[in-house]
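Asker: Could you look at this predicted model? Sequence included:
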Amino acid sequence: MSVAAYAQARSRTLLLAHEVAKIAAFVRRDFLVALSYRGAFAMDVVNLAIQAATFWFIGKMVDPATLPSYGGSRATYMEFAAIGMVLSLVIALLLERVATAVRQEQMIGTFESLLATPTAAATIQVGSAAFDLLYVPIRAAVFLLIIAVGFGLDFDANGVLPAFAVLLAFVPFVWGLGLLSAAAMVTFRRGGGGVMIGATILALLSGAYFPIDLLPGWLQAIASVNPIAIAIDGVRQALLGGDGWAGLDPEVLLLVPMAAVSLTAGVFAFRLGLARERRNGTLGLY
Amino acid sequence: MNDEPSVRELRPRPAIEVQGLRRLFERSIALDGVDFTVRAGEIHALLGPNGAGKTTLLRTMSGLVAPTEGSVHVLGADVTAGTRALQGHVGLVPSGDRTFYLRISGLENLVFFARLQGLRRRKATARAHEVLAAVGLTDAARRRVGLYSKGMQKRLSIARALLTEPGVLLVDEATHDLDPEGAQRVRALIAERAAAGAAVMWATQRVDEISGFANRVTVLTAGRVRFTGSVNELLAAGGLEDVAATGSSGSHLENAFLAVTGAQA
């Protein structure tokens, strides 16, 4: 490598390091904002407890023989549904937060102030969603723990790390969908509906609340390549199977390329949307 | 604050050069062949009625809006050719009053924006305290911005623009919501920055405030420059006498402004 090329690469690395450091500032900002809404977390716990109680009673009507088995043993409906419920919450929250992060900045009037700083648009998008990308999965784990303790569910401690690994592979997929939705929102102001409908269909075919085997054959074929279904099933295998890492299906690995495609498409669409708004001079409009 | 050329190094050239600037929004013309320059240390008032194109011009200079035609150079750099490096040298005071996070304190807001300017956390905090003191908001530093008055939010906006000691300040209707004392304080802060070498673009519709404050004036109506020159030249262009000789500058300037814009006094 020539001296000039090395210097250029070094300055690029420094620039990247500067941008990454800025993400910490976004996380701190959003942590402080979240802290100012202390009641919100408690309300979420109450809502989830009500939902969990509903599934507890529904579970009394469900024959465990109709549920899939994990690690050779059948789960109760409550164990089966609790994981689906919490992961659905993760998906819904992340999609909403990522999709609306920039829109929110436009609405509260801070977007142009951010763009008036020497910060890359990609950093603003990543930074605006960074807190939720960290906080929502952690919150989901806390919820799952509360439900497990509250309803005496039998989750396997060996499966906690593999379940987190599945979540880690899955979150970028949702992030990408959120970015696609954000691009539509930045461009059309009220856009994002198409992406949301797509996400709802994927959620229906995810087996969150009922086994995928109950779907008609052709829908089962679609569900088998549905990243949401793969992620939920992966977490169930980890937490209910009792075999730790060994219990995970190899198809969980499919999440990695799916997440890469989703994230790449999302980043590309968002950058296109932002460039269009700058050309039109409508960045700050809402 | 970073490795870009300093304002002093760039002084021989005008700090701001706008040439043949045209900006269309769909079919309406917001700016139409705008030309002017602003030198370092100069306070250049941008005068015009509502809808004249002042905000669009400032947003174009800050890189938030791309020109349809023409060029804008700030501190020697073309703002259309990527503005990130330049933005650390340009302080923008936007016209809106909703440009902060209302749920967190003024101090935390400034620390956040200072970190986006590339300052490390400790330095960002120290700088935020300095600029809060400069705009007289030390006592309110830890109060939520949502509890600030409009005048306090405007002062906070100026504090944010001063975080990096910018070579160019673009100020849009900074005194619009302020009482006379608050307005005077803001003008004094800006004048101090200009005295330190910054080029200031001061957009306003208040004709009275430019006398004794601005060095030069550009009058903009319907996206076109109607006049560029000193305050006295504006008076002369309006067929009026030298402001120093006549005393009541406000009404004279208003008449001169109306004369050059073609409106009736």
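Answerer: Structure received.
Asker: okay, CA-based contacts and neighbour counts for the rest of this
Answerer: Noted.
Asker: My guess is residue A:78 contacts residue A:59. True?
Answerer: Yes. With contact defined as Cα atoms under 8 Å, residue A:78 reaches residue A:59; the gap is 5.8 Å.
Asker: Those two: who's more crowded?
Answerer: residue A:78 (27 against 17; other Cα atoms under 10 Å in any protein chain shown).
Asker: Which is the succeeding secondary structure element to the helix or strand that contains that one?
Answerer: Element membership for residue A:78 (DSSP states H and E) is helix A:77-108. The helix or strand immediately downstream of helix A:77-108 is helix A:111-115, counting by DSSP H and E.
Asker: do that following helix and chain B meet at all?
Answerer: Yes. With Cα under 8 Å from any Cα of the partner chain as the measure, helix A:111-115 is seen reaching chain B through A:111-115.
Asker: Which neighbouring elements make contact with that helix?
Answerer: On a contact count with 3 or more Cα pairs under 8 Å, 6 or more residues apart in numbering or on different chains; DSSP states H and E, helix A:111-115 meets helix A:77-108.
Asker: Could you list the buried residues of the helix it packs on?
Answerer: Within helix A:77-108, the residues that qualify as buried are A:77-103, A:105-106, A:108, counting by 16 or more other Cα atoms under 10 Å in any protein chain shown.
Asker: Could you pull out the helices in chain B for me?
Answerer: Using DSSP state H, the helices assigned to chain B run over residues B:54-61, B:84-87, B:106-116, B:121-134, B:150-161, B:180-195, B:231-237, B:243-246, B:249-261.
Asker: CSV for the ones you listed, including distance to residue A:174?
Answerer: Formatted as CSV, those follow (distance: least, Cα to Cα, whole Å):
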stretch, distance to residue A:174
helix B:54-61, 34
helix B:84-87, 29
helix B:106-116, 26
helix B:121-134, 31
helix B:150-161, 35
helix B:180-195, 46
helix B:231-237, 58
helix B:243-246, 65
helix B:249-261, 55
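Asker: Show me which residues of chain B sit near chain A.
Answerer: Counting by Cα under 8 Å from any Cα, the residues of chain B close to chain A are B:25, B:62-67, B:83-88, B:92, B:96, B:98-101, B:103-104, B:108-109, B:112-113, B:115-118.
Asker: ChimeraX command for the buried members of the residues you listed?
Answerer: Here is the ChimeraX command that selects the buried residues among these (16+ other Cα under 10 Å):
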select /B:62,63,64,65,66,67,83,84,85,86,87,88,92,98,99,100,101,103,104,108,109,112,113,115,116,117,118
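Asker: Any stretches of chain B with poor pLDDT?
Answerer: Filtered on pLDDT under 70, chain B yields the residue ranges B:1-12, B:82-84, B:97, B:238-253, B:262-265.
Asker: Geometric centre of it: which residue is closest?
Answerer: Nearest residue to the geometric centre of chain B (Cα atoms, centre = their mean): residue B:171, 2.0 Å.
Asker: give me every residue that touches that one.
Answerer: By Cα atoms under 8 Å, 6 or more residues apart in numbering or on different chains, the contact set of residue B:171 is B:58, B:92-95, B:200-203.
Asker: Now do the strands in the stretch 1-150 of chain B.
Answerer: Applying DSSP state E, counting those that start in this stretch to the stretch 1-150 of chain B gives strands spanning B:16-25, B:28-38, B:43-47, B:69-74, B:77-78, B:90-93.
Asker: and the closest residue to residue B:161 other than its chain neighbours, how many residues sit next to it?
Answerer: Ranked by Cα to Cα, 6 or more residues apart in numbering or on different chains and with sequence neighbours excluded, the top spatial neighbour of residue B:161 is residue B:91, at 4.2 Å. Counted with other Cα under 10 Å, the neighbours of residue B:91 add up to 27.
Asker: Kindly report the same for residue B:55.
Answerer: Neighbours of residue B:55 (other Cα under 10 Å): 21.
Asker: show me what contacts it?
Answerer: Contacts of residue B:55 (Cα under 8 Å, 6+ apart): B:95, B:172, B:203.
Asker: Chain B contacts on chain A?
Answerer: A:18, A:22, A:25-26, A:29, A:32-33, A:36, A:108-120, A:278-283.
Asker: do you know how far residue A:200 is from chain B?
Answerer: As judged by Cα to the nearest Cα, to the nearest Å, residue A:200 and chain B stand 32 Å apart.
Asker: Can you pull the poorly scored residue ranges out of the stretch 51-200 of chain A?
Answerer: For the stretch 51-200 of chain A, applying pLDDT under 70 flags the ranges A:189-196.
Asker: which stretches of it form helices?
Answerer: Counting by DSSP state H, counting those that start in this stretch, the stretch 51-200 of chain A has helices at residues A:77-108, A:111-115, A:121-150, A:160-188, A:193-204.
Asker: Throw the residues of helix A:111-115 next to chain B into JSON lines and include neighbour count, thanks.
Answerer: Compiled in JSON lines, the residues of helix A:111-115 next to chain B are given as follows (neighbours: other Cα atoms under 10 Å in any protein chain shown):
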{"residue": "A:111", "neighbour count": "20"}
{"residue": "A:112", "neighbour count": "18"}
{"residue": "A:113", "neighbour count": "22"}
{"residue": "A:114", "neighbour count": "19"}
{"residue": "A:115", "neighbour count": "21"}
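Asker: count of residues packed around the nearest residue to residue A:24 once chain neighbours are set aside?
Answerer: Nearest non-adjacent residue to residue A:24, counting by Cα to Cα, 6+ apart: residue A:127, 7.7 Å away. Other residues lying near residue A:127 total 24 when counted by other Cα under 10 Å.
Asker: Please look at residue A:127 and residue A:29 and confirm they touch.
Answerer: No. Look at residue A:127 against residue A:29 with Cα under 8 Å: they stay out of range, at 9.8 Å.
Asker: Let me see the contact set for residue A:207.
Answerer: Counting by Cα under 8 Å, 6+ apart, residue A:207 makes contact with A:84, A:229, A:232.
Asker: between these, which is closest to chain B?
Answerer: The closest of those to chain B turns out to be residue A:84 (Cα to the nearest Cα; 33.6 Å).
Asker: Isn't the closest one up against residue A:209?
Answerer: Yes. The criterion here is Cα under 8 Å, and residue A:84 meets it with residue A:209 at 5.9 Å.
Asker: List phi and psi for residue B:135.
Answerer: phi -100, psi 10 (degrees, to the nearest 10).
Asker: how deep is it tucked in, by neighbour count?
Answerer: Neighbours of residue B:135 under the rule other Cα under 10 Å: 20.
Asker: residues contacting it?
Answerer: If a contact means Cα under 8 Å, 6+ apart, then residue B:135 has B:155-156, B:158-159, B:186, B:189 as its contacts.
Asker: ok, which pair from the residues you listed is furthest apart?
Answerer: Farthest pair in the contacts of residue B:135 (Cα to Cα) is B:156 and B:189. Separation: 12.2 Å.
Asker: give me the element residue A:232 is part of.
Answerer: Per DSSP H and E: helix A:227-241 holds residue A:232.
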